[in-house]
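**Q** Okay, structure incoming, though there's no sequence with it:
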């Protein structure tokens, strides 16, 4: 996807993200349910979250973009002369299997992780009509008053965990042009869960 960006503007760069993005601002949490980060974190409040994706994605590689890295790369692209009118991928620069992601996900919520997880669980069906449960959690823990539908999109979760191909975007062009930023995806998970807890979005 990396090619020259067509524009007459003297300082335009196109940044293309990865399969999903992990990060948080209050605006994201309340107004942007298409970002996979929030559904994962809300889903993680459950005592035994099951993996909603396919066996293929459980075992094959994928990538993700941390919103901190995306912001860093956007600033770099906007202020670097050689980056103007170019298109760049933005990923953390590493890759993972959803099995490894799920293990880190379970650890941060202190729930059981099963290496031989049964895949293909219907998270959309399970979470349908569960808004009242989230309301009770918000009330019990004194969280910011949100509705589950406002901060989650389990349809998006289902899509990204059921790809039939490996999704790993190259950061080589960005490195060649001078952007050397990176982020450890599995370390991003506890960081952003911690931030959501600090902001009283999840318990």
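**A** Nice, thanks for sending it over. What you see is a predicted model, and the numbers here were worked out from it, not measured in a lab. Residues are numbered from 1 along each chain as shown.
**Q** Residue 99 and residue 61, how far apart?
**A** In this view, residue 99 and residue 61 are 11 Å apart by C-beta to C-beta, to the nearest Å. From N, CA and C alone the C-beta is placed, and that goes for glycine too.
**Q** So those two - more neighbours on which side?
**A** Using other C-beta atoms under 10 Å, the more surrounded residue of residue 99 and residue 61 is residue 99, with 19 against 14.
**Q** check contacts around that one.
**A** 58, 59, 115, 117 (C-beta atoms under 8 Å, 6 or more residues apart in numbering).
**Q** switch to 7 Å and redo it
**A** If you count contacts by C-beta atoms under 7 Å, 6 or more residues apart in numbering, residue 99 has them with 58, 59.
**Q** Confirm that it lies within a helix, as I assumed.
**A** Yes - read with DSSP: H, G, I helix; E, B strand; the rest coil, residue 99 is one of the residues of a helix.
**Q** Quick one, grab the pLDDT at it.
**A** As predicted, residue 99 sits at a pLDDT of 93.
**Q** try residue 13
**A** 48.
**Q** how long is stretch 196-203 from one end to the other?
**A** Start and end residues of stretch 196-203 are separated by 8 Å (C-alpha to C-alpha, to the nearest Å).
**Q** and it, which residues are buried?
**A** Using 16 or more other C-beta atoms under 10 Å as the test for burial, stretch 196-203 gives 196, 201, 202.
**Q** Pretty sure residue 189 is one of the things the first one touches, is it not?
**A** What that stands for is residue 196. No - counting by C-beta atoms under 7 Å, residue 189 is not a contact partner of residue 196; they are 11.0 Å apart.
**Q** Perfect, that will be all.
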